[in-house]
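Novice: let's see this in three dimensions:
(3 chains)
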Amino acid sequence: MSKALKTGFPQTLLSWHRAHGRQGLPWQGVRDPYAVWVSEIMLQQTQVATILERYPRFMKRFPTVKKLAAAPLDDVLAEWAGLGYYSRARNLHACANQVMTDFAGKFPSDPILLEQLKGIGRSTAGAIAAFAFHERAPILDANVKRILARLFGIEGALQEKATDKQLWNIAQELLPKNPQDMPVYTQALMDFGATWCTSRKPACITGIERCPFEKQCQANLSDQVLQLPRKVVKAKSPEFDCDMLLLRHGDSVLLQKRPEKAIWGSLWSLPESAWRAKTTFSKPPISLPELLAQVLSEEKISTALKRISLDQGPQIKHIFTHRRLWIQVWNASIGQEIIFSSQNTRWVSLRQLGKYGLPQPIKLLLQGLSLVRGPD
DNA sequence: AATGCGGGGAA
DNA sequence: TTCCCAGCATT
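Specialist: Have a look, this model is predicted:
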C-alpha cells in the first residue's frame, strides 16, 4: 500500500465526515460501552431506519447491562420481536450475564476479550473498542468491505476466506495514527459506505457528489465500481408450506415455544405442523385431531376434541432471506382449556399476548384479528 | 468453506 | 421479483 494512501485515507475520510457525515442518529456520540454494544448488535444486518425507533425503546426498557442480565430471556425476546435474527437477542442476554459474572459488570476494552463474548465477532468487537474505548481496532462490515474492495480493486469474492483476510489486513493498515480519532473515523467509514459509496448508486456513478477518493479508487479508474465487490450468486430460496393452529378458548389462545436452534428460535408462536416442500397440489382437508396430533405430538386426543371442527383461516406468504413459506391457518375454538402433555405450550390471554415475542407474521395475523394491541 | 438465521426498504 | 443491509455461530 502506498504511504500516501495509508496516511491520506484516514485524514481525507475524517474531512469528508466533518462536511457530510450523518447526524442525529440516537446512538451517535454514545460512549457508554453498554449503549454502544446494544446499538452494534441491533444494527447487525439491519438497516438504520429499522432501528431508529427500536433502539431508544430497548435502552429505556433495559437501561443497564445489569438490568438486561437480570431480565427473563422471554422479556428480551419480546422486546426484540420483529427485528429478526433472534439469536442476537439470546446472545445479548447471555453476553450481559457474561459481563456481569466474568467482568464485574464492565465491558472489557480489549477487542480480543470482547470477541470472546457471545454474539460479538471481530467487527463488532472492533466497533465497540473504537467507539467506547478509542482502541485502534478495525471494523469490517458490509460498508467497509465495499469501500476497500473498490478502493483497492479487490477482485476476489467476499465469501472467499482469502478475500476476507486481505480486507482485514487493509482495514488494519488504514487506521488513523491517533487513537483519539477512532470513534469518528469508524463512524465516518460507515457513513461514507452508507451514503456515498453505496452498492447500487455510488456518488461517482450518479455524479451528484464528487468522491474525495476518485483519483485513487482502482474500481473508479477501471470503471468497475458497480462490479465490485464481487459476490457469489446465491441459489433461489426453496419454498415450503405448513399448517398452523389458532386454537382459542374464551379470551385465550394456545401458544407454543419454538426450539432454540431453529428459525424464530425461542420465540412463541402458534403450534405448527412440519414444513413440507411446496407442491402445486392442494392439500386435503384436515381434522382437528389430526392437526393436534401433528402440531403437539399428542398421542391421545380426547373424544370431546374430535367433535370440534376446524375452520380454514387465512393463508400467509412469508419471505425469509433463504426460504419462502406459505402458512395455512386453521381456526378452532374449544369450551375449556386443555392441558396438553407436550411441553412448551401455554394458554395466553389476549391481554398478555403483547408481552410475548412473536414471529412477525404471527404478530401481524393476531393483530389483524384484534388479538394483539398495535404499537402504542 | 458453506450454511442458517429475519425482516424491511429500494429499485 | 431481486438485492441489500453496522455479522455471527455452527458444521
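Novice: now do the contacts for the closest residue to residue A:329 other than its chain neighbours.
Specialist: Take residue A:329 and drop its neighbours on the chain: the residue closest to it by Cβ to Cβ, 6 or more residues apart in numbering is residue A:313, 3.3 Å away. Just so you know, the C-beta spots here come from the backbone N, C-alpha and C atoms, and that holds for glycine as well. Residues in contact with residue A:313, defined by Cβ atoms under 8 Å, 6 or more residues apart in numbering, are A:246, A:328-331.
Novice: separate out the buried members of the residues you listed.
Specialist: A:246, A:328-330 (16 or more other Cβ atoms under 10 Å).
Novice: pull up the residues of the stretch 51-200 of chain A that are close to DNA strand B.
Specialist: Neighbours of DNA strand B within the stretch 51-200 of chain A, by Cβ under 7 Å from any atom of the strand: A:82-87, A:159-162, A:200.
Novice: in the stretch 51-200 of chain A, which spans are helices?
Specialist: A:54-61, A:65-70, A:73-80, A:87-102, A:111-114, A:122-133, A:142-151, A:161-173, A:182-195 (DSSP state H, counting those that start in this stretch).
Novice: report pLDDT for the residue of the stretch 101-250 of chain A found nearest DNA strand B.
Specialist: When distances are taken as Cβ to the nearest atom of the strand, the stretch 101-250 of chain A reaches nearest to DNA strand B at residue A:161, 2.1 Å away. Residue A:161 is assigned 94 on the pLDDT scale.
Novice: find the nearest non-adjacent residue to residue A:81, please.
Specialist: residue A:357 is the one closest to residue A:81 (Cβ to Cβ, 6+ apart), at 4.3 Å.
Novice: tell me which residues of stretch A:39-55 are tucked away?
Specialist: Those would be A:39-43, A:51, A:54-55, for stretch A:39-55 by 16+ other Cβ under 10 Å.
Novice: revised request: answer the last question for stretch A:1-15.
Specialist: A:5, A:9-10, A:13-14.
Novice: now, among those, which is nearest to residue A:144?
Specialist: residue A:13 (11.0 Å; Cβ to Cβ).
Novice: okay but the closest one is in contact with residue A:192, surely?
Specialist: Yes. Residue A:13 is within contact range of residue A:192, at 6.4 Å (criterion: Cβ atoms under 8 Å).
Novice: going by proximity to DNA strand C, name the top residue of chain A.
Specialist: Closest point on chain A to DNA strand C, by Cβ to the nearest atom of the strand, is residue A:121, at 2.3 Å.
Novice: sorry, back to before: is it true that the residue nearest to residue A:81 lies in a strand?
Specialist: No. Residue A:357 is assigned coil when assessed by DSSP: H, G, I helix; E, B strand; the rest coil, not a strand.
Novice: my guess is it contacts residue A:73, does it?
Specialist: No. Using Cβ under 8 Å, residue A:357 makes no contact with residue A:73, being 9.2 Å away.
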